[in-house]
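Peer 1: sequence plus the predicted model coming up.
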Amino acid sequence: MVHEKEDTALVLPPGVVGSVEVGRLIRELEEVDENLLQLKLRKSGSSIKMPKTSRMMEQIQTENELNLLHETDRKRLSKFLSEVKANSPICHISFSEEPSQKFLEQLTVWFRKEIHPSLLLTIGLQPNIGAGCILRSTNKYFNFSLQQEFVKQRDLLVNKMMPPGFELKAPAVEKQS
Amino acid sequence: MTIWWLLLILGFLGSSGIAFIWLAVRLNKVAVGKKGKGLSGSTEQAAIEDVEHIFNEEFREELRNRGRLHFEKIIGENAMFLQQDLRLTTSQLNEYMKTEVTKTLKEEFSKYEQSISDAKQMAIDSIQKTNQAIVEQREMLSKQVEQEVFDAKRLLIGHFQDNMADIINHYVLAAVGDQIDLSDQLEYILGELEANKQEIIEDIKNGA
């Protein structure tokens, strides 16, 4: 679990959807940390090239009011990200087509607001579902697809498709004495 | 029964013949015995002479002839009776044989007719049983075919109904799949997630 006291202020930005992004942030943070350590060890006057931070890193800094030049913030963020990667719940969600980043952010916002604040999503692709999505949580499977909707409305479809008065009659079977 | 009567008649005729032969031999012996014996005394001699005088050779010959004729007559009559009896017996025998043969033939024919009738009845029974078996087999086959047709129909309809969602989904996707935008589905997806929110939370809380 995420540390309650230290990390209550830290939140994942909606752009960080899944564990891939969290891993990328961890590697980026390690790179920043490494560069700053080298900067500290080198003599003054020598040039050093600072790594360029990504949009996600900027988002997480902004939302959590962190300054990566401070070692404590870096350590705090590193710890938070490690714990998120290790312990956060993961849901797998599949769509019929590749979702846009905006769509994913809106979905992530809802999940983190309603389900769990550090929940991660893994995005899958299933073109045969038509519309909607299929969600797989830790132990359960939720089918919110158009196909499943048709299955739910099967009786209605059958009634509409079968001719009126249609009834499949079984042949008469004589009782054997 | 008739054969016994025949044997009895033949026995009677045989015994009659033997009796005549015996009588003739007896008479002959008496005649010879009388000739051989001599009478003693004068009376006897006189009687013998009288007798010989009365029963002289001609008279004896006459008696002998009469006896012979009588015997021949009796023999003739008996032969005639015997012939009549034989004819009657032959006739009866023929009649009997005819009756017996006719009776035997009738019995045999009756048995033969009975055998033919039994064989015919057996053949009719066999044909009826075969017909019955064919009818039953046909009915059973008919029911089996009906059941199989029904099962096939049910299977096809069930298969169609079971896969109806997939079929319709396939056609919907083929028809308007390109026009369905994922962004337009956000509201629907969030609505479904909202409806199952509690279940998802519980699963995540209780999850391994």
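Peer 2: It's in.
Peer 1: OK, contacts around the closest residue to chain A within chain B?
Peer 2: Chain A sits closest to residue B:207 of chain B, with a gap of 2.9 Å, by Cβ to the nearest Cβ. In short, each C-beta sits where N, CA and C put it, glycine included. When contacts are counted by Cβ atoms under 8 Å, 6 or more residues apart in numbering or on different chains, residue B:207 is found next to A:89, A:137, A:138, A:139.
Peer 1: residues in contact with stretch B:81-100?
Peer 2: Under Cβ under 8 Å, 6+ apart, the answer for stretch B:81-100 is B:2, B:6, B:9, B:10, B:13, B:17.
Peer 1: so for the host helix or strand of the second one, what gets flagged as buried?
Peer 2: Residue B:6 is part of helix B:2-36, with elements assigned from DSSP states H and E. Of the residues in helix B:2-36, those buried under the neighbour-count criterion (16 or more other Cβ atoms under 10 Å in any protein chain shown) are B:9, B:13.
Peer 1: flag the shaky bits of the chain, pLDDT-wise.
Peer 2: Just going to use chain A. Within chain A, the segments meeting pLDDT under 70 span A:1-9, A:43-50, A:168, A:172-177.
Peer 1: that's the wrong chain, I meant chain B
Peer 2: B:1, B:33-41, B:208.
Peer 1: what parts of it come near chain A?
Peer 2: B:143, B:146-147, B:150, B:153-154, B:157, B:161, B:164-166, B:168-169, B:172-173, B:177, B:180, B:182-183, B:185-186, B:188-190, B:192-194, B:196-197, B:199-201, B:203-204, B:206-208 (Cβ under 8 Å from any Cβ of the partner chain).
Peer 1: any of these buried? List them.
Peer 2: Buried among these (16+ other Cβ under 10 Å): B:161, B:164-165, B:168-169, B:172-173, B:177, B:180, B:182, B:185-186, B:189, B:192-193, B:200, B:203-204.
Peer 1: which of those residues fall in strands?
Peer 2: Of these, none are assigned to strands by DSSP state E.
Peer 1: okay, and the residue nearest the centre of chain B sits in which element?
Peer 2: By Cα atoms, centre = their mean, chain B has its centre lying nearest to residue B:115, at 4.7 Å. Using DSSP H and E, the secondary-structure element containing residue B:115 is helix B:57-162.
Peer 1: now do that helix against helix B:2-36: the angle between them, please.
Peer 2: Inter-element angle recorded for helix B:57-162 and helix B:2-36: 160 degrees (by axes from the mean of the first three to the mean of the last three Cα atoms, to 10 degrees).
Peer 1: now the closest residue to residue B:192 other than its chain neighbours, what's its secondary structure?
Peer 2: Distance criterion Cβ to Cβ, 6 or more residues apart in numbering or on different chains; nearest residue to residue B:192, sequence neighbours excluded, is residue A:144 at 4.0 Å. Reduced to three states with DSSP: H, G, I helix; E, B strand; the rest coil, the structure at residue A:144 is strand.
Peer 1: what's the neighbour count on residue A:144?
Peer 2: Neighbours of residue A:144 under the rule other Cβ atoms under 10 Å in any protein chain shown: 22.
Peer 1: tell me the contacts of residue B:2?
Peer 2: Applying Cβ under 8 Å, 6+ apart, the residues contacting residue B:2 are B:92, B:96.
Peer 1: give me the beta-bridge partners of residue A:125?
Peer 2: When bridges are called by DSSP bridges, residue A:125 pairs up with residue A:95.
Peer 1: mind splitting chain A into its structural domains?
Peer 2: Chain A breaks down by automatic domain parsing into domains covering A:11-87, A:89-164.
Peer 1: let me have these in CSV, adding distance to residue B:100 as columns.
Peer 2: What follows is the domains of chain A, written out as CSV (distance: least, Cβ to Cβ, whole Å):
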stretch, distance to residue B:100
domain A:11-87, 122
domain A:89-164, 87
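Peer 1: can you give me the helices for chain A?
Peer 2: A:19-41, A:55-64, A:71-87, A:101-114, A:146-152, A:154-161 (DSSP state H).
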